[in-house]
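Participant: Return a 3D structure for these sequence lines:
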Amino acid sequence: MQPEHVPVIPSNATRIRLGSTIICVDAAGAQAVLERLPSLREKGVEAECGPDLLHVGGNVAVGWSAWSDGRILVGCMLPVSEWPARLAAVDERLIHFFMEASCRQEELDPRLWMRWLDATDCSQEVVRSASDERAFAADHYASRIIELRCYSLRFVDRPDERVWVLRESVATAAYAPFRSVDGHSPTDKGVMQRDRRLRMYTDEAEALARFASRDDGRPPIVTVQEGAPLLGTTEAALREALSRADDVNQRTAYVTGRTHWYVLEHLAEWHGASTL
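Facilitator: Numbering: from 1, shown residues only. The predicted model follows:
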């Protein structure tokens, strides 16, 4: 029988990750969690000295934490305690939007969220919105929704900060068009909303220009034949990309013979990058 592996955690560690889901702020707390959940000892322990905890958000099931080195980590903070809350006035959805956008926008400042620390108030307004609704079968509708929303953050000792979030979504629905860029709820029967795009901007002119370029009248769902000329590619290239996609069933489910517009857009971009 192999001896039990006991991780060594420096006594001055300020951020300890136990596996991929649990985070602690000191060695004593981490050791207590390991004693209570010994299976974590085999899932890897990452200890760092220096980063300070600034905020904890989310909930016990899906939590996140913000740190002084600019990182935002997804995971449950243990043991449960009173945590710093320097982003308490910030709409938590804005933090989630930032985390999503930062995965796709290389030009987005990874420390942008740190400019929102110690905000005293956060308000929002829809600056632009557009919805293209089209019937594609009897009592079945497809909608392409585009929304530009501005978040304004206020502070005691410095000027306001503003950030713009551009969200796009395609949804199909039975009986009536679906008109919200937010995810549908379980009570929205017959709605499938799978493909979304999100980008974040700190410059108003850039955000407005991007909205204008995206509000292009392209249909919500299309066949490969319809989509190819709109994307400036060929039907053969799109079919090849679709055949190589590992989630082809998810991409075409519930829209027989058609697929969501952003699916083809993603495929065209992926195929173009893979053939460079």
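
Participant: Strands along the stretch 101-250 of the chain, start to end?
Facilitator: Along the stretch 101-250 of the chain, counting by DSSP state E, counting those that start in this stretch, strands occupy 121-137, 140-154, 161-174, 192-201, 221-222.

Participant: Contact partners for residue 47?
Facilitator: 9, 10, 13, 15, 16, 17, 27, 30 (CB atoms under 8 Å, 6 or more residues apart in numbering). (Each C-beta comes from the backbone N, C-alpha and C, glycine too.)

Participant: Looking at these, which one is closest to residue 151?
Facilitator: residue 15 (28.0 Å; CB to CB).

Participant: Tell me the bridge partners for the closest one.
Facilitator: Bridge pairing for residue 15 (DSSP bridges) gives the partners residue 48.

Participant: In which helix or strand does residue 80 reside?
Facilitator: Using DSSP states H and E, residue 80 sits in no helix or strand.

Participant: so can I have CSV of the strands of the stretch 101-250 of the chain showing mean neighbour count, distance to residue 236 and mean pLDDT?
Facilitator: As requested, the strands of the stretch 101-250 of the chain are arranged in CSV below (neighbours: other CB atoms under 10 Å; distance: least, CB to CB, whole Å; pLDDT from 0 to 100):
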stretch, mean neighbour count, distance to residue 236, mean pLDDT
strand 121-137, 14, 24, 90
strand 140-154, 20, 25, 91
strand 161-174, 21, 24, 89
strand 192-201, 20, 23, 78
strand 221-222, 23, 16, 79
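
Participant: Mind checking the ones you listed for the one nearest to residue 100?
Facilitator: Among the strands of the stretch 101-250 of the chain, the nearest to residue 100 by CB to CB is strand 192-201 (5.3 Å).

Participant: quick one: the helices in the stretch 1-150 of the chain?
Facilitator: Remark: helices assigned in the stretch 1-150 of the chain by DSSP state H, counting those that start in this stretch are 27-36, 92-102.

Participant: Rounded mean pLDDT for the shortest one, please.
Facilitator: Right, the one you point to is helix 27-36. Mean pLDDT, computed over helix 27-36, is 93.

Participant: same check, this time on the longest one
Facilitator: Computed over helix 92-102, the mean pLDDT rounds to 95.

Participant: What is the distance between that helix and the centre of its chain?
Facilitator: Taking CA atoms, centre = their mean, to the nearest Å, the mean C-alpha location of helix 92-102 is offset from the chain mean by 6 Å.

Participant: same thing with the first one?
Facilitator: Centroid separation between helix 27-36 and its chain, computed with CA atoms, centre = their mean, is 31 Å.

Participant: Check which residues of that helix are buried.
Facilitator: Residues of helix 27-36 classed as buried: 27, 29, 30, 33, 34 (neighbour count, 16 or more other CB atoms under 10 Å).

Participant: got it, and the longest one?
Facilitator: Burial within helix 92-102, assessed by neighbour count using 16+ other CB under 10 Å, is assigned to 94, 95, 97, 98, 100, 101, 102.

Participant: can you check stretch 101-120 too?
Facilitator: Residues 101, 102, 108, 112, 113, 114, 116, 119 are the ones in stretch 101-120 that count as buried (16+ other CB under 10 Å).

Participant: Run through the residues that contact the first one.
Facilitator: With contact taken as CB under 8 Å, 6+ apart, residue 101 is in contact with 108, 165, 198, 199, 200.

Participant: residues contacting the second one?
Facilitator: By CB under 8 Å, 6+ apart, the residues touching residue 165 are 94, 97, 101, 148, 149, 150, 151, 198, 199, 200, 201.

Participant: and if you look at residue 73?
Facilitator: 17, 23, 64, 65, 67.

Participant: what about 10 Å?
Facilitator: Residues counted as contacts of residue 73 (CB atoms under 10 Å, 6 or more residues apart in numbering) are 15, 17, 20, 23, 51, 63, 64, 65, 66, 67, 99.

Participant: Emit the PyMOL select command for whichever of those are buried.
Facilitator: Here is the PyMOL selection string for the buried members of the contacts of residue 73, based on 16+ other CB under 10 Å:
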select buried, resi 15+17+23+51+63+64+65+66+67
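
Participant: unless I'm mixing things up, residue 41 is touching residue 22, no?
Facilitator: No. Using CB atoms under 10 Å, residue 41 is not in contact with residue 22, being 11.9 Å away.

Participant: Between these two, which is the more surrounded one?
Facilitator: residue 22 (19 against 16; other CB atoms under 10 Å).
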